[in-house]
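1. Using only what follows, build the 3D model:
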Amino acid sequence: MAAESLPADVVRAQLARILASEIFSRSDRLTAFLTYIVEQTLAGHGAALKEHVLAMEVYGKGADFGAAVDPIVRVDARRLRDKLREYYASAPHDPLVISVPKGSYVPTFETNGHAVATAIDAIGAAAPSQSRGWSVRAGIVAVGIGASLALAIGWRSVASKPLPLRILTVTSFPGAEGMPSLSPDGNFVVFTWRGIDPKEPADVWVKAVDGDEIRRLTNTPQLHEAMPAWSPDGRQIAYYRVQGSQNAGVFLVSPLGGPERKIADQGGAPAWTPDGQSLVMTGATADEQSIFLQVLQTGARRRLTQAPPGFSDGFPKVSPDGKTVAFTREKSPQSTLFVVPIMGGEPTRLTEWGEEIGRFDWTPDGREILYPQLDTSGMRVFRIAATAGQTPVPVVGLPIGVNMLSVSRPRTGLTYRVALGYGQPDIGLRLIDLESAIEARVFATVTPFCDSTRIDMPGRFSRDGRQLAFESDRNGDAQIWVAGRDGSELRSVTAPKTAFVNVGSWSPDGRFVAVEGIAGGNSDIYVVRTDGGPPRRLTTGPAVDNDPEWSRDGAWIYYASSASGRSEIWKIPAAGGTPARLTTHGGFEPRESPDGRTIYYVDARNSNGLTTAATLKQVPSAGGAETVVFSGLPPGSWDMTDRGVVFVTGNAGVRSTTPDIEDALDLFSFADRRVYRLGVLPFPMARYGVRRLLTVSGDGRWALAAHIDRWDRDILVADNFR
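-> Numbers count the residues shown, from 1 in each chain. From the prediction side, this is the model:
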């Protein structure tokens, strides 16, 4: 049968048989070489299979590739011809022969003449001698027809059986590798890697999926790179950088290494348009994070989304046809998927509000979106049609614990590859005796508190310091838990799937805790009983209400709210009633002073561990002038005591200019308004994964801090994915 008349699925089935053989299973590079030239020929692009093209597309070489200096393509083409001859010597009866003629990189597809000749001999031997000539001629016709039918029918049957899904381990280095992005052909993955110390910054690396080749693209000890993304032509990688607590811009670099090019002064999570001419990325404004599109040639920047105050739009990804941008909208811990036309318009919500969603991607045909989302078993990958009103379906065969993924273009048949950032974080709590700092000023008494292997987050001490409320997903969903300071009488006080988070302070009598409740992407202030029972809702409306603080006399609950259009400090009667605003210049995390006359708060929200330095401010609890106390306090990492404000110091961001400074606790004293060192922590604070890192008892004796017990992540690739 002539090559031009062979069905594509017949050729792909033969290719699959060759690649599954022991001869080719040992050679990743030749597998990639053969797959690429076969698929390009079937797609009608055989004429473009030149040495320079193969060098860039198969081996990731740059546009400056010189065949005279690097003969890798010619060498591997010769090896490929030898391997194909070796394969067919071991499989002489395969009905289709794939070969690569010498002097060309375009494969040919032919029916197997050896198999036909064998059948002819068998027919001739069985025929009477007087009719041998006729029988042989008839046999040739019969065998030719039979071979064609067998090829078209038998191989279609083989081709209809999908190749089995394979999970390939690409990296298993110590520490955390993450944020993978596959090259368009699926042969390489770019990712970030930080060392075993969670305070280490991450650099950008490239590694072959099917081989050991690895290349480091950035080496910036004082800087942190994140969210690399491969360009559609495979020649550039975009990523963004963080310096200390500041976004340092978006950059491009070749996958071969070399100088980088800055293309934006500010932005995050860059993703390419299919034509490679623009990037979509996140951009922060005063009180939210939205999505922007930037044209590379001109630098022109256009806003695509407008996140509500207190919300963040993230992980933008452009559809394969370039017409639609998908993104997440988050008010931690709830997230959902949206799509918006790239030319502008109103976003459309695809999923219900639920737990955290990780970095996602479109399927190659643009019909579906694959996305990881937290459920009771951990981060699970789902797929959903990219139109409103559809139901997501869990993806079978992928492991639990995937927080980010990336999709390649189609490969063999209808399959493609999916890169997976895989691992299960373990963030624990440490109870610290603040009076145990000895001669070296290091806290000596530090014990695990109600430890689990999931994510536990500091909440608040009861007024007498004997009990603690905290947040944990140890049962699958984030819930509010209560225990004695010694870990006794541990119990959950909220029901599963109730989405109560962000533990506020206790009522003076210790019977209730004020918390943040989230539903439909909206958050309000609730009161829950510490012995269980139905919650009571205090605030209503579309605003983002969080960080509740119960007054010491039990009459009021202070909280942060976006009801005015930005986050400000408000108060509401604890029994319910009309809210009143206290600040007009922004505010988060209110805390009442010991005498009840003053509310302390910060002017920035906690975005990622200790990477933000805020200003501590104060306002009279009855209302009045807002004044500055001091600057340099990290949101989510401070609390109020009878003596003053206790807060975390040390690394202000990821590997600041003083990388050897250990995390410590300081006290801002109300008595003389000076800062004193309480002690050095014998462990590093968590840098990411939690919204609050520290709480302190009112008497200043005890602190509860978040610590990363384990955060190993690896890169996996799902091969033959459909």
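
2. residue ranges of the strands in the stretch 251-400 of the chain, please?
-> 261-264, 268-272, 278-284, 289-295, 301-303, 312-318, 324-331, 334-341, 348-349, 361-362, 368-375, 378-385, 393-394 (DSSP state E, counting those that start in this stretch).

3. Do you know the pLDDT at residue 690?
-> With respect to pLDDT, residue 690 has a value of 77.

4. would you say it is within a helix?
-> No: secondary structure of residue 690, determined by DSSP: H, G, I helix; E, B strand; the rest coil: coil, with no helix assignment.

5. residues in contact with the closest residue in space to residue 360 that isn't next to it in sequence?
-> The spatial neighbour of residue 360 that comes closest, neighbours along the chain excluded (Cβ to Cβ, 6 or more residues apart in numbering), is residue 371 at 3.5 Å. In this view, the C-beta of every residue, glycine as well, is placed from N, C-alpha and C. Residue 371 sits next to 337, 351, 357, 358, 360, 381, 382, 383, 384, 405 when contact means Cβ atoms under 8 Å, 6 or more residues apart in numbering.

6. now, among those, which is nearest to residue 431?
-> Nearest to residue 431 out of the contacts of residue 371 is residue 358 (Cβ to Cβ; 30.9 Å).

7. how much space between that closest one and residue 25?
-> Separation of residue 358 from residue 25 (Cβ to Cβ, to the nearest Å): 32 Å.

8. now residue 346
-> 51 Å.

9. Pull the number of nearby residues for the residue nearest to residue 322 when sequence neighbours are not counted.
-> Leaving aside its sequence neighbours, residue 322 sits nearest to residue 274 (Cβ to Cβ, 6+ apart; 4.5 Å). Neighbour count of residue 274, defined by other Cβ atoms under 10 Å: 14.

10. so residue 274 touches residue 317, yeah?
-> No: with contact defined as Cβ atoms under 8 Å, residue 274 does not reach residue 317; the gap is 11.1 Å.

11. What segments of the stretch 151-300 of the chain are helices?
-> 155-160 (DSSP state H, counting those that start in this stretch).

12. what does the chain give?
-> With DSSP state H, the ranges of helices along the chain come out as 8-20, 22-25, 28-42, 51-59, 72-90, 113-126, 132-149, 155-160.

13. Among those helices, show the one with the smallest mean pLDDT.
-> Taking the mean pLDDT of the helices of the chain, helix 132-149 comes last: a mean of 36.

14. Identify the residue nearest residue 413 in space, chain neighbours excluded?
-> Nearest one to residue 413, counting by Cβ to Cβ, 6+ apart, is residue 12 at 5.0 Å.

15. Run through the residues that contact the one you found.
-> With Cβ under 8 Å, 6+ apart, residue 12 has these contacts: 38, 42, 159, 412, 413.

16. burial measure for the nearest residue to residue 25 once chain neighbours are set aside, as a count.
-> What sits nearest to residue 25 in space, not counting adjacent residues and going by Cβ to Cβ, 6+ apart, is residue 19, at 7.3 Å. Using other Cβ under 10 Å, residue 19 has 20 neighbouring residues.

17. Run through the residues that contact residue 19.
-> By Cβ under 8 Å, 6+ apart, the neighbours of residue 19 are 25, 31, 34, 35, 412.

18. Now do it against residue 412, distance only.
-> According to Cβ to Cβ, residue 19 stands 8 Å off from residue 412.

19. quick one: common contacting residues for those two?
-> residue 35.

20. Let me know how buried the nearest residue to residue 193 once chain neighbours are set aside is, in neighbour terms.
-> Spatially, and ignoring its direct neighbours in sequence, residue 193 is nearest to residue 177 (4.7 Å; Cβ to Cβ, 6+ apart). A count of nearby residues for residue 177, using other Cβ under 10 Å, gives 25.

21. Now do residue 177, the pLDDT please.
-> 91.

22. What of the one 4 residues further on?
-> Among the per-residue scores, residue 181 shows a pLDDT of 97.

23. what bridges to it?
-> Residue 181 has these beta-bridge partners by DSSP bridges: residue 190.

24. Quickly note the distance from it to residue 231.
-> 10 Å.

25. from what I can see residue 555 touches residue 573, true?
-> Yes: with contacts counted by Cβ under 8 Å, residue 555 reaches residue 573, the gap being 6.7 Å.

26. Residue ranges in the stretch 451-600 of the chain under the pLDDT threshold?
-> The stretch 451-600 of the chain contains residues with pLDDT under 70 at 496-499, 519-521.

27. which residues in it form strands?
-> 456-461, 467-472, 479-484, 491-492, 500-501, 512-519, 522-529, 536-537, 545-550, 556-561, 568-573, 580-581, 588-592, 598-602.

28. Show me how far the second one is from its chain's centre.
-> For strand 467-472, the distance between its averaged C-alpha position and the chain's averaged C-alpha position is 27 Å (Cα atoms, centre = their mean, to the nearest Å).

29. Return it as CSV; C-alpha atoms alone will do.
-> Extracted C-alpha coordinates of strand 467-472, given in CSV (Å, rounded to 0.1, in the frame of the first residue of the first chain):
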residue,chain,number,x,y,z
GLN,A,467,-6.9,27.2,75.4
LEU,A,468,-6.1,27.7,71.8
ALA,A,469,-8.3,27.9,68.7
PHE,A,470,-6.5,27.2,65.4
GLU,A,471,-7.3,26.2,61.8
SER,A,472,-6.4,22.8,60.3
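
30. So what are the sheet partners of it and their directions?
-> If you go by DSSP bridges, strand 467-472 pairs up with strand 456-461 (antiparallel), strand 479-484 (antiparallel).

31. and if you look at the last one?
-> When sheet partners are counted by DSSP bridges, strand 598-602 sits next to strand 588-592 (antiparallel), strand 614-620 (antiparallel).

32. Turn the ones you listed into JSON lines, including mean neighbour count and distance to residue 375.
-> Shown next, in JSON lines, are those (neighbours: other Cβ atoms under 10 Å; distance: least, Cβ to Cβ, whole Å):
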{"stretch": "strand 588-592", "mean neighbour count": "23", "distance to residue 375": "29"}
{"stretch": "strand 614-620", "mean neighbour count": "19", "distance to residue 375": "33"}
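
33. Would you mind telling me which of those is nearest residue 718?
-> Of these, nearest to residue 718 by Cβ to Cβ is strand 588-592, at 40.4 Å.

34. got the angle between that closest one and strand 556-561?
-> 160 degrees (axes from the mean of the first three to the mean of the last three Cα atoms, to 10 degrees).

35. Need the residues that contact strand 588-592.
-> Against strand 588-592 from outside (Cβ under 8 Å, 6+ apart): 547, 549, 551-552, 558-560, 567, 569, 598-606, 614, 621, 635-636, 638-640, 645.

36. Quick check on those: which are buried?
-> 547, 549, 551-552, 558-560, 567, 569, 598-606, 614, 621, 635-636, 638-640, 645 (16 or more other Cβ atoms under 10 Å).

37. these two touch, right, residue 234 and residue 56?
-> Yes: the criterion here is Cβ under 8 Å, and residue 234 meets it with residue 56 at 7.0 Å.

38. mind listing what the spatially most central residue of the chain touches?
-> The centre of the chain sits closest to residue 404, judged by Cα atoms, centre = their mean, with a distance of 3.0 Å. Contact analysis of residue 404 by Cβ under 8 Å, 6+ apart lists 178, 179, 180, 358, 359, 372, 420, 421.
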